[in-house]
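Trainee: just the structure for this:
(chains A and B, ligands or ions: 2)
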Amino acid sequence: MELIVEVKRHAYEQLTVLEDVSLAVRAGEIVAVIGPSGCGKSTLLGIAGGILKPSEGRVLLAGAAAADCLNPLTYIFQDFALLPWRSVARNVAFPLEHHRLDAAERARRVADALQRTGLAEFADALPKQLSGGMRQRVGIARALVVRPAVLLMDEPLSALDAQTRELLMEDFLDLLLRERMAAIYVTHNFAEALRLADRIVVLSRRPGRIKEVVDIALPQPERRGKAAQAELAELGERLWSLIRDEASSAEREVASV
Amino acid sequence: MSEARLAEKPAEPAPRREIVFRGGGFLPRPRPLQAWLAFAALLALWQAATGFGWVDAVFLPSPLGIGHAFWGLAVSGELWRNLSISLLRIGSGWLIGSALGLILGLAMGLSSLSRAIGMPLVSSLYPIPKIALLPLLILWLGIGEAPKVATIAAGVFFPTAIATFSGVDAVPRSLIRMSQSFDLPVRSIIWKVILPAALPSILAGFRISISTALLLVVSAEMIGAQFGIGAFLLAAGNLMQSDRLMAGVVVLSLLGLGLGALLGLVEKAFLKWR
Ligand SMILES: Nc1ncnc2c1ncn2[C@@H]1O[C@H](COP(=O)(O)OP(=O)(O)O)[C@@H](O)[C@H]1O
Ligand SMILES: [Mg+2]
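Mentor: Numbering: from 1, shown residues only, chains lettered A, B, ... in the order given. Ligands and ions are numbered 1, 2, ... in the order given. Just a heads-up that it's a prediction; the model follows:
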């Protein structure tokens, strides 16, 4: 399944946030979107998953999703968006409840998702009892349970501390590669983009335009090696030089509202 | 160079002193023993004041006298007859007012149209002391149970509507967007996300509406009723039976405490997740 996002323009009232941003994500492909804060990354992701209507533009899906896919475009949220009154297992079951599935299939999906995210023993815990990293694992499990075709992730690790982030990112990558899931991964963290992405889309400051698209040919499992690290560091430098000036002026911008 | 400096200044340890502890305090702890002791001492003092004749028992009956009157009322069935009628009025008025308040509050929280229409109405009618409506309600509904129940319902309606509205309004948008991103039908979003998220606010509203209902039932019964705690209090006062009057007040206080405790249990059961 291929996801094609064509945003001609998006504005909140007077504020133009995105201009001419088009990107396509093919099956199994991981696309990272980076850009200075406020450039419209979250807006772009909202449009891609159909929870925001672009002022001008459209989003297309090509090809059919797998038969067991209940929600082709599935989000993983920065703030996790868990229902605090539901246990881990019931949070994970949440997106299944309005689908016609028999109880056994439902239970099987939930158990499978919990197991794949290492949450099996926390099934009955409430979100408030979990650390940030574990909460995001619940968010991941809730996404996996619908067997998505494309994962839409909005800075999924940025609410977490550095060590948790590192661990969870590797788990993400394992999952994405093993399931051959496609993903749009919005981040402001170069290291994450360089570790995960097949392609990095660099946005300019607001109004966000595509500034550059960088393909990384090196397969993800090989990116841990010494030689690869050097190559990636160089790429990182280049990305940073693309963004630095924009990020600093975006940082100093005063909100016009 | 650093050696040279060391040589110049012989290593004489700087004088040391301990820092002064300046934290502490401002940590309230429960002191149940002292609380009960103070309560008992107050009762004892009261009993002494009336028992030794320092205060006239008509103005302030003794605790034992009140207890005696209470016992008499309980045994004769007079207490239950009045209490049950009051409870029935509170119960029906509270249920009607709460149900309508919940519906309006939810509508105002969910739809901008009902918010635009409902908000000015609610904010202008809320401050009216609802007991002032009783004469009007008697005109409309005739004498009997209906105007009393309607007064209580009106008093309960507004705090419930406002609490529900603000609870629904404060539901995190991220949870709603999350539900939409999984294609949840609107009905499910309301039922599974919005209502549970608004529940703490709704229950806080119930705490207010319960005391409003108590206040209104007593006032309404004092204005026009044969039975009920309010009518009983008024009759006892007119006959200067201050021990019976105080026994009635104690019953009201216990009723308020009991209803509050009941709500506490409900909160404990449903808001474990907070
Ligand atoms: N719902 C909204 N209404 C008005 N302005 C918004 C809204 N959401 C975002 N914006 C503005 O649009 C710009 C882009 O926001 P966003 O997409 O969240 O950026 P990013 O995720 O890249 O930091 C920001 O300047 C932000 O203030
Ligand atoms: Mg963002």
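
Trainee: ok, A:Q78 touching A:P156?
Mentor: Yes: the pair A:Q78 and A:P156 qualifies as a contact (C-beta atoms under 8 Å) at a distance of 6.3 Å. To be clear about C-beta, it is placed using only N, CA and C from the backbone, and glycine gets the same treatment.

Trainee: more crowded one of those two?
Mentor: Taking neighbours as other C-beta atoms under 10 Å in any protein chain shown, A:Q78 and A:P156 compare with A:P156 leading, 28 against 19.

Trainee: just confirm the more buried one is within a helix.
Mentor: No: with DSSP: H, G, I helix; E, B strand; the rest coil as the criterion, A:P156 is coil rather than part of a helix.

Trainee: give the contact list for it.
Mentor: Applying C-beta atoms under 8 Å, 6 or more residues apart in numbering or on different chains to A:P156 gives the contacts A:I76, A:F77, A:Q78, A:Q136, A:G139, A:I140, A:F172, A:Y185.

Trainee: try B:Q47
Mentor: B:Q47 sits next to B:S62, B:P63, B:L64 when contact means C-beta under 8 Å, 6+ apart.

Trainee: look at A:M134 and report its pLDDT.
Mentor: We have a pLDDT of 96 for A:M134.

Trainee: near it, how many other residues are there?
Mentor: 20.

Trainee: what strand or helix carries it?
Mentor: helix A:132-144 (DSSP states H and E).

Trainee: and the contacts of that helix?
Mentor: With C-beta under 8 Å, 6+ apart, helix A:132-144 has contacts from A:74-77, A:80-82, A:88, A:91-92, A:94-95, A:112-114, A:116-119, A:122, A:127, A:130, A:151, A:156-157, A:159-161, A:164, A:167-168, A:171-172, A:175, A:179.

Trainee: briefly note if the one helix or strand in chain A whose mean pLDDT sits lowest comes near ligand 1.
Mentor: For chain A, scoring each helix and strand by mean pLDDT, DSSP states H and E identifies helix A:226-251 as the least confident one, at a mean of 85. No: remark: helix A:226-251 sits outside contact range of ligand 1, by C-beta under 6 Å from any ligand atom, the gap being at least 9.0 Å.

Trainee: restricted to strands, list the contacts of helix A:132-144.
Mentor: A:T74, A:Y75, A:I76, A:L151 (DSSP state E).

Trainee: most surrounded residue in the residues you listed?
Mentor: A:Y75 (27 neighbours).

Trainee: in the sheet, who's paired with it?
Mentor: A:L152 (DSSP bridges).

Trainee: show me the contacts for it.
Mentor: A:Y75 neighbours (C-beta under 8 Å, 6+ apart): A:L45, A:G49, A:I51, A:A143, A:L151, A:L152, A:M153, A:D154, B:M178, B:S181.

Trainee: which positions in the stretch 51-200 of chain A make contact with chain B?
Mentor: A:51, A:71, A:73-75, A:77, A:79, A:81, A:83-86, A:94-95, A:97-98, A:126-128, A:146 (C-beta under 8 Å from any C-beta of the partner chain).

Trainee: those residues, buried ones only, as a PyMOL selection?
Mentor: Applying 16 or more other C-beta atoms under 10 Å in any protein chain shown to those leaves a buried subset, and the PyMOL line that selects it is:
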select buried, chain A and resi 51+71+73+74+75+77+79+81+83+85+86+94+95+98+126+127+146
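
Trainee: show me which of the residues of the stretch 51-200 of chain A next to chain B neighbour ligand 1.
Mentor: Answer for these near ligand 1: none qualify (C-beta under 6 Å from any ligand atom).

Trainee: now for A:P127: which residues touch it?
Mentor: A:F80, A:L82, A:L83, A:P84, A:R86, A:V88, A:N91, A:R135, A:V138, B:W273.

Trainee: buried only: go through those for me.
Mentor: A:F80, A:L82, A:L83, A:R86, A:V88, A:N91, A:R135, A:V138, B:W273.

Trainee: point out where the chain drops to low pLDDT.
Mentor: As the question left the chain open, I've gone with chain A. Applying pLDDT under 70 to chain A flags residues A:255-257.

Trainee: looking at chain B here, not the other one
Mentor: Using pLDDT under 70, chain B drops low at B:1-9.

Trainee: closest point of it to ligand 1, which residue?
Mentor: B:R173 (9.2 Å; C-beta to the nearest ligand atom).

Trainee: kindly report the same for the stretch 151-257 of chain A.
Mentor: Ranking the residues of the stretch 151-257 of chain A by distance to ligand 1 (C-beta to the nearest ligand atom) places A:R206 first, at 5.6 Å.

Trainee: now that residue, what's its secondary structure?
Mentor: Assignment for A:R206 (three-state DSSP): coil.

Trainee: what count of nearby residues applies to it?
Mentor: 21.

Trainee: phi first, then psi, for it.
Mentor: The phi and psi values for A:R206, taken as degrees, to the nearest 10, are phi -60, psi 140.

Trainee: which ones among the contacts of B:Q47 lie within helices?
Mentor: Per DSSP state H, helices hold the following members of the contacts of B:Q47: B:P63, B:L64.

Trainee: Provide a list of residues in contact with the spatially closest residue to B:A150 that is not a sequence neighbour.
Mentor: With sequence-adjacent residues excluded and distances taken as C-beta to C-beta, 6 or more residues apart in numbering or on different chains, B:A150 is closest to B:L137, at 4.9 Å. By C-beta under 8 Å, 6+ apart, the contact list for B:L137 reads B:A146, B:P147, B:A150, B:T151.

Trainee: where does B:L137 sit, in terms of helix or strand?
Mentor: Per DSSP H and E: helix B:134-141 holds B:L137.

Trainee: distance from the chain centre to that helix, please.
Mentor: For helix B:134-141, the separation from the chain centroid amounts to 27 Å (computed by C-alpha atoms, centre = their mean, to the nearest Å).

Trainee: tell me which residues of that helix come out buried.
Mentor: For helix B:134-141, by 16+ other C-beta under 10 Å, it's B:L134, B:L137, B:I138.

Trainee: report the central residue of chain B.
Mentor: B:R207 (3.4 Å; C-alpha atoms, centre = their mean).

Trainee: quick one: residues contacting it.
Mentor: The contact partners of B:R207, by C-beta under 8 Å, 6+ apart, come to B:G260, B:L263.

Trainee: just the contacts of A:P127 now: which is nearest ligand 1?
Mentor: A:F80 (16.6 Å).

Trainee: quick one: the residue nearest to the centre of chain B from A:P127, how far?
Mentor: When distance is defined by C-beta to C-beta, to the nearest Å, B:R207 is 26 Å away from A:P127.

Trainee: please tell me how far the residue of the stretch 151-257 of chain A closest to ligand 1 sits from A:I243.
Mentor: For A:R206, the distance to A:I243 - C-beta to C-beta - is 13 Å.

Trainee: once you drop chain neighbours, what's closest to B:M178?
Mentor: Using C-beta to C-beta, 6+ apart, the closest residue to B:M178 is A:A81 (4.0 Å).

Trainee: name the element the closest residue to B:G228 other than its chain neighbours belongs to?
Mentor: Take B:G228 and drop its neighbours on the chain: the residue closest to it by C-beta to C-beta, 6+ apart is B:E221, 3.8 Å away. Secondary structure from DSSP H and E places B:E221 in helix B:195-223.
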